[in-house]
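Engineer: turn this into a structure:
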Amino acid sequence: HLATSLPLPSEQDHLRPKIDLIVFVIDIKNKRSLKNVDDSLAYVDASFFLGKVCFLVTGVGRVNCCSVEMDAVSKLAETYCSPVICCELELEAIRVSTAQRLLRLLEICAGHIPGVSALSFVSLMCNSADE
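Structural biologist: Residues are numbered from 1 along each chain as shown. From the prediction side, this is the model:
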């Protein structure tokens with residue numbers, strides 16, 4: 001399910017499936033996307049930041065067209081203890097690889113991978129990004 005911002009409309013709450021993972025998409029070429037993500041974060045329950053949120057940054061291959069500083073994204077990820085996945089959607093191989101990474105993360109967050117919790121996996125992702 002996709003949403004352009006939060007909160008989600010409440011009229012179909014009873015039909016909405018359980019949410020296993022929230023991916024906030026930030027287009028590095030668009031300052032509004034960072035503002036939209038920042039505004040939406042206020043509507044996410046604090047318990048979700050324990051392994052069920054990540055930030056997907058698109059457009060990273062076009063550094064000269066950036067409107068959003070990667071430092072701002074890094075600070076956001078650090079504040080919310082959530083990993084950042086960077087990609088360039090214009091390249092098919094990277095798009096496919098990113099989709100596979102997100103699907104694997106979703107499988108873990110949904111509890112479909114025995115012995116791996118979302119919290120431990122995301123903790124490993126964040127620690128490896130710091131090195």
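
Engineer: so Leu105 is in which element?
Structural biologist: Per DSSP states H and E: Leu105 is located in helix 92-109.

Engineer: and the residue nearest to Gly59 when sequence neighbours are not counted, what pLDDT?
Structural biologist: Ranked by C-beta to C-beta, 6 or more residues apart in numbering and with sequence neighbours excluded, the top spatial neighbour of Gly59 is Ile28, at 4.2 Å. From N, CA and C alone the C-beta is placed, and that goes for glycine too. Listed pLDDT for Ile28 reads 91.

Engineer: let me see the contact set for Ile28.
Structural biologist: By C-beta atoms under 8 Å, 6 or more residues apart in numbering, Ile28 lies in contact with Val57, Thr58, Gly59, Val60, Arg62, Cys65, Cys66, Ser67, Val68, Met70, Val73.

Engineer: which strands and helices sit next to the helix holding Leu105?
Structural biologist: Packed against helix 92-109, as judged by 3 or more C-beta pairs under 8 Å, 6 or more residues apart in numbering; DSSP states H and E, are the following elements: strand 53-58, strand 84-87, helix 118-130.

Engineer: next, the buried residues of the shortest one.
Structural biologist: Applying a neighbour-count criterion of 16 or more other C-beta atoms under 10 Å, the buried positions in strand 84-87 are Val84, Ile85, Cys86, Cys87.

Engineer: any idea which of those residues is closest to Glu11?
Structural biologist: Nearest to Glu11 among the buried residues of strand 84-87 is Ile85, at 31.6 Å by C-beta to C-beta.

Engineer: what are the bridge partners for the closest residue to the closest one other than its chain neighbours, then?
Structural biologist: Nearest non-adjacent residue to Ile85, counting by C-beta to C-beta, 6+ apart: Leu56, 5.1 Å away. On the basis of DSSP bridges, Leu56 takes part in beta bridges with Val25, Ile85.
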